[in-house]
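Undergrad: here are the coordinates; sequence isn't available:
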C-alpha cells in the first residue's frame, strides 16, 4: 500500500521512505509510487539504503531525515520497540516545490536566561555529547556523567510577575566542574545509549557534507528538557 510511503528530506536531498528490507522490492515500490506524486526516482536498487529508524517529534542532532508532517527519523537498533526497518530511496520532484523544514533559528526577542544549578543527577551510562572540531575526523565525543537541574527567574510579559522556570540539561566536565554541554563551544548534540558509535560517525559525516555544501537542515542542539 502506498499510504506507508513517506517523502522526507535529508542532508543529500529528498528520499522516499519505503518499508521493507529487500532493496529490489523497495525500489520497485518507489518506482510505482513516484509518477502519481510528481517524483522521479534516482538510481537503481543499489542506491537504496536499508536502515532501522525511529520516528520522533523533534529534530535532534542524530536526525537523518525530516518529514513535512513534523516527524523526524533517527537511527536505532533493529527490533527495538517503535523501530521500523525501511529502504530510503533518493528522488527528485518533477516540479520545483518548497519542502517544509523545521525552523531551528533562535527567537530574536528571547533574552539570555541566567540559569542556576540547583541539583545534579547521575546520568545513565553511554550518554555522549558530540562537539564539532577542526580535527580530521571533524568531531569529538565526550561522556555525559550527569544531568543538571537548573532554575531561572523571568518576568512574565503580561502580568509583570516573576516566574520560575526549571530545566534538566546534560552536563560534561570542564576543568573540575560540571557545566551544561550547550555552554561549551562546538556543541552539536547528544547521542543516547542506543545510538552506536558507527552511527555517530555516519551522522557526523552527513552533517559535515551539508555544512560544506552550505545546507544545514537540522542543527537544533537540543541539550535540555524544559519542565
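TA: Nice, thanks for sending it over. Treat the numbers as computed from the prediction; the structure is a model and nothing was measured.
Undergrad: from residue 94, how far out is residue 130?
TA: 37 Å (C-beta to C-beta, to the nearest Å). Bear in mind the C-beta positions are built from the backbone N, C-alpha and C, glycine included.
Undergrad: settle it for me: which of the two has more neighbours?
TA: Remark: of residue 130 and residue 94, residue 130 carries more neighbours, 23 against 12, as counted by other C-beta atoms under 10 Å.
Undergrad: check whether that one really touches residue 189, as I assumed.
TA: Yes. Proximity of residue 130 to residue 189 meets the contact threshold set by C-beta atoms under 8 Å, at 5.6 Å.
Undergrad: got the domain ranges for the protein?
TA: 2-93, 116-226 (automatic domain parsing).
Undergrad: show the contacting residues for residue 119.
TA: Neighbouring residues of residue 119 by C-beta atoms under 8 Å, 6 or more residues apart in numbering: 148-149.
Undergrad: run the last query once more with 7 Å
TA: Each residue near residue 119 by C-beta atoms under 7 Å, 6 or more residues apart in numbering is listed here: residue 149.
Undergrad: got it, and residue 30?
TA: Contacts of residue 30 (C-beta under 7 Å, 6+ apart): 16, 18, 41, 89.
Undergrad: out of the residues you listed, which sit inside helices?
TA: Within the contacts of residue 30, no residue falls in helices by DSSP state H.
Undergrad: turn the residues you listed into a markdown table, including distance to residue 147, pLDDT and neighbour count.
TA: Listed next are the contacts of residue 30 as a markdown table, based on distance: C-beta to C-beta, whole Å; pLDDT from 0 to 100; neighbours: other C-beta atoms under 10 Å:
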| residue | distance to residue 147 | pLDDT | neighbour count |
| --- | --- | --- | --- |
| 16 | 38 | 94 | 25 |
| 18 | 38 | 94 | 23 |
| 41 | 44 | 93 | 19 |
| 89 | 39 | 94 | 27 |
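Undergrad: got these as a markdown table, with distance to residue 164 columns?
TA: Output for these, formatted as a markdown table (distance: C-beta to C-beta, whole Å):
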| residue | distance to residue 164 |
| --- | --- |
| 16 | 46 |
| 18 | 48 |
| 41 | 53 |
| 89 | 49 |
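Undergrad: which one among these gets closest to residue 180?
TA: The closest of the contacts of residue 30 to residue 180 turns out to be residue 16 (C-beta to C-beta; 38.3 Å).
Undergrad: ok, the closest one to residue 82 distance?
TA: From residue 16 to residue 82 the distance is 21 Å (C-beta to C-beta).
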